[in-house]
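> coords please:
(one chain, ligands or ions: 1)
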Amino acid sequence: MTTLTEAVEKPAHIPDEAVFDFDYHNDPELVANPHKRMRELLDVAPRVFWTPRNGGTWIAIGFEEVFSALRQPEIFSSSIIPREQIEALLALMPDDMPRIPMLKPITIDPPEHGAIRSPLQKAFSPKAAMNQLAEIRSLTDQLIGAVIDQGHCEFISSIAEPLPVTVFLKMMGLPVERLAEFRTLVHEVLIPVFGPYDGPLVLRKVADALADDIAARKDDRRDDILSELWGLEVDGGPMTMDVMEDYAVLLFIAGLDTVINAMGFAVRHLAEHPDLQASLRADPSQIPDAVEEMLRRYSFVVPLRRMAQDAQLGGFGLKAGDRLMLHLAGADLDERKFDRPDEFDITRDLKSHVAFGGGPHRCVGMHLARIELHTLYRQMLSRLPMWRLDPDHPPTYHSGNVIAVDSLNIRWD
Ligand code: HEM
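Next up is the predicted model:
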């Protein structure tokens with residue numbers, strides 16, 4: 001049973017009509033059935049509302065409102081702590097204090113953002129992602145092979161989690177022997193909802209786990225992302241260890257949990273829809289469209305913004321300094337944008353969802369994510385018989401900056 005976070009007092013500038021009591025971490029219906037709850041919310045809550053839960057925050061759930069915030073970084077800033085505050089804090093730190101990685105470029109606003117994002121965009125180009133295809137196929141095959149004869153599996157721990165973590169290690173040029181260590185780290189970083197979150201220290205821990213390999217690649221270049229990034233310029237100058245560390249930590253955070261959950265929601269939907277499994281088995285050429293529609297139907301990321309200036313959104317006046325969550329799951333289920341949003345329909349316009357965000361911070365890893373997802377669908381559908389949910393162990397979820405699938409038990413004959 002989840003407990004709601006304590007409600008805080010409403011600041012004077014928030015009008016009563018804007019208040020809607022919703023805990024985006026612990027709302028019991030959200031945690032029980034996340035996307036059903038987001039659909040209901042669109043019927044009962046304003047498209048943009050202020051909740052006294054979670055420390056007091058605005059939440060945008062309508063497509064138009066979310067999309068417009070994503071595309072106006074000068075108003076809806078990704079720099080959650082203003083730069084002057086960060087600099088003042090750093091000035092107070094003792095000199096021997098370990099450096100805390102900055103999540104770059106995701107916390108940097110334009111115009112600086114473009115120059116910092118550019119090396120990552122090169123390293124994760126569509127071509128670079130395609131080059132991983134054979135490796136991703138072979139890993140997926142091994143993981144499915146390990147469970148196929150048992151007739152059942154807990155999908156998240158058996159396949160959805162080891163797959164992107166192993167792809168990440170191999171792509172980055174990190175030793176795959178450290179898989180177990182990295183999987184433990186993934187849990188520490190990504191499941192803060194279950195315990196107190198000592199954010200910056202955990203970021204340092206990830207950076208420490210990666211630091212030796214990052215440094216080693218500077219002079220010993222190989223065919224991997226770390227080596228490639230060392231060879232690129234950043235912001236008009238040579239790459240630095242600090243920026244490399246920032247990239248590596250962000251990639252770890254942004255590139256693992258996301259793919260795990262996209263796989264979890266997809267495999268659950270397919271388990272509940274044998275007709276869709278049959279249709280994709282009969283015609284695998286539909287898989288890319290199915291992947292795209294699944295990303296819309298079950299979007300799960302909740303990006304965070306800080307108001308850089310006073311502005312209107314959804315009919316309310318937000319004030320400089322206010323916090324705003326952009327609930328992409330709500331946006332992609334908004335019937336003002338998507339006709340019959342609950343229906344899985346690969347004939348709709350598949351390009352207009354915001355599962356990967358929008359505007360300057362649109363996901364850098366989306367080509368890689370799509371290839372991982374296409375491969376998973378293809379291999380699961382071609383190798384496993386029709387799978388279904390295990391009625392004795394229903395799926396479990398948690399919510400926060402992503403809506404996550406914690407466990408998903410499936411069976412087949
Ligand atoms: C299905 C899987 C994925 C989903 C749904 C997803 C979603 C997103 C979203 C919504 C954003 C925008 C956040 C914002 O506006 O604040 C984002 C940014 C980002 N993603 Fe992904 N992501 C996925 C996979 C990946 C992978 C595999 C990688 C890396 C290998 C990755 C790396 C990044 C990075 C570096 C950014 C920051 C881009 C910037 O700030 O310019 N993502 N992602």
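> give me every residue that touches residue 65.
By Cβ atoms under 8 Å, 6 or more residues apart in numbering, the contact set of residue 65 is 47-48, 313-314, 331. Quick note: C-beta positions are derived from backbone N, CA and C, even for glycine.
> in contact with the residue lying closest to residue 379 once chain neighbours are set aside, which residues are there?
Spatial nearest neighbour of residue 379, excluding adjacent residues (Cβ to Cβ, 6 or more residues apart in numbering): residue 140 at 4.6 Å. Neighbouring residues of residue 140 by Cβ under 8 Å, 6+ apart: 159, 163, 375-376, 379.
> show me which pair in the residues you listed is furthest apart.
Spanning the widest gap among the contacts of residue 140 are 159 and 375, at 11.4 Å by Cβ to Cβ.
> what separates the residue of the stretch 51-200 of the chain found nearest the ligand from residue 230, distance-wise?
The nearest approach of the stretch 51-200 of the chain to the ligand comes at residue 106, 3.8 Å away (Cβ to the nearest ligand atom). Distance of residue 106 to residue 230, given as Cβ to Cβ, to the nearest Å: 21 Å.
> before we move on, what about residue 379?
33 Å.
> try residue 183
Applying Cβ to Cβ to residue 183 and residue 230 gives a distance of 26 Å.
> for the stretch 301-413 of the chain, which residue gets nearest to the ligand?
For the stretch 301-413 of the chain, Cβ to the nearest ligand atom, closest residue to the ligand: residue 365, 2.0 Å.
> residues contacting the spatially closest residue to that residue that is not a sequence neighbour?
Once flanking residues are discounted, residue 365 sits nearest to residue 255: 5.0 Å by Cβ to Cβ, 6+ apart. By Cβ under 8 Å, 6+ apart, the contact set of residue 255 is 164, 168, 365, 368-369.
> need the residues you listed in TSV (columns: secondary structure, neighbour count and distance to residue 153).
Listed next are the contacts of residue 255 as TSV, based on DSSP: H, G, I helix; E, B strand; the rest coil; neighbours: other Cβ atoms under 10 Å; distance: Cβ to Cβ, whole Å:
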residue	secondary structure	neighbour count	distance to residue 153
164	helix	26	17
168	helix	21	21
365	coil	20	26
368	helix	24	24
369	helix	24	22
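> farthest-separated two in these?
168 and 369 (11.5 Å).
> for the host helix or strand of residue 114, packing partners?
For residue 114, the host element (DSSP states H and E) is helix 112-123. Applying 3 or more Cβ pairs under 8 Å, 6 or more residues apart in numbering; DSSP states H and E, one finds that helix 112-123 contacts helix 225-230, strand 233-234, helix 241-272.
> could you identify which of those has the lowest mean pLDDT?
Sorting the helices and strands packed on helix 112-123 by mean pLDDT places strand 233-234 lowest, at a mean of 88.
> ok, it: who's next to it in the sheet?
Sheet pairing of strand 233-234 (DSSP bridges) gives strand 237-238 (antiparallel).
> what's the average pLDDT for the strand it pairs with?
91.
> try stretch 121-131
Across stretch 121-131, pLDDT averages out at 93.
> which residues are in contact with it?
In contact with stretch 121-131 (Cβ under 8 Å, 6+ apart) are residues 225, 228-229, 232, 364-365, 367-368, 370-371.
> which of the contacts of residue 65 are buried, as a ChimeraX select command?
Command for ChimeraX that selects the buried part of these, burial taken from 16 or more other Cβ atoms under 10 Å:
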select :47,48,313,314,331
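> just to revisit the earlier point, which of the contacts of residue 140 lies closest to residue 85?
Nearest to residue 85 among these, with distances taken as Cβ to Cβ, is residue 163, at 38.8 Å.
> which helix or strand contains the closest one?
Element membership for residue 163, per DSSP H and E: helix 162-172.
> skip ahead from that helix and say which helix or strand is next.
According to DSSP H and E, the helix or strand after helix 162-172 is helix 179-190.
> against which helices or strands is that following helix packed?
When contacts are defined as 3+ Cβ pairs under 8 Å, 6+ apart, helix 179-190 sits against helix 162-172, helix 199-219, helix 241-272.
> the longest one to helix 179-190, inter-axis angle?
Using axes from the mean of the first three to the mean of the last three Cα atoms, to 10 degrees, the inter-axis angle of helix 241-272 relative to helix 179-190 is 90 degrees.
> tell me where the model's unsure across the stretch 1-150 of the chain.
For the stretch 1-150 of the chain, applying pLDDT under 70 flags the ranges 1-2.
> test for you: state the pLDDT assigned to residue 198.
52.
> what parts of the stretch 51-200 of the chain come near the ligand?
Applying Cβ under 6 Å from any ligand atom, we find that the stretch 51-200 of the chain lies next to the ligand at 78, 105-106, 117, 120, 124.
> can we see that at 5 Å?
Contacts of the stretch 51-200 of the chain with the ligand, taken as Cβ under 5 Å from any ligand atom, map to 105-106, 117.
> and the contacts of residue 140, which are buried?
With burial judged by 16+ other Cβ under 10 Å, the buried subset of these is 159, 163, 375-376, 379.
> check the average confidence over stretch 275-287, would you?
On average, the pLDDT along stretch 275-287 is 98.
> in that stretch, which residues are buried?
Across stretch 275-287, burial judged by 16+ other Cβ under 10 Å covers 276-277, 280, 287.
> same check on stretch 227-243?
Neighbour-count burial for stretch 227-243 flags 227-230, 234, 239, 243 (criterion: 16+ other Cβ under 10 Å).
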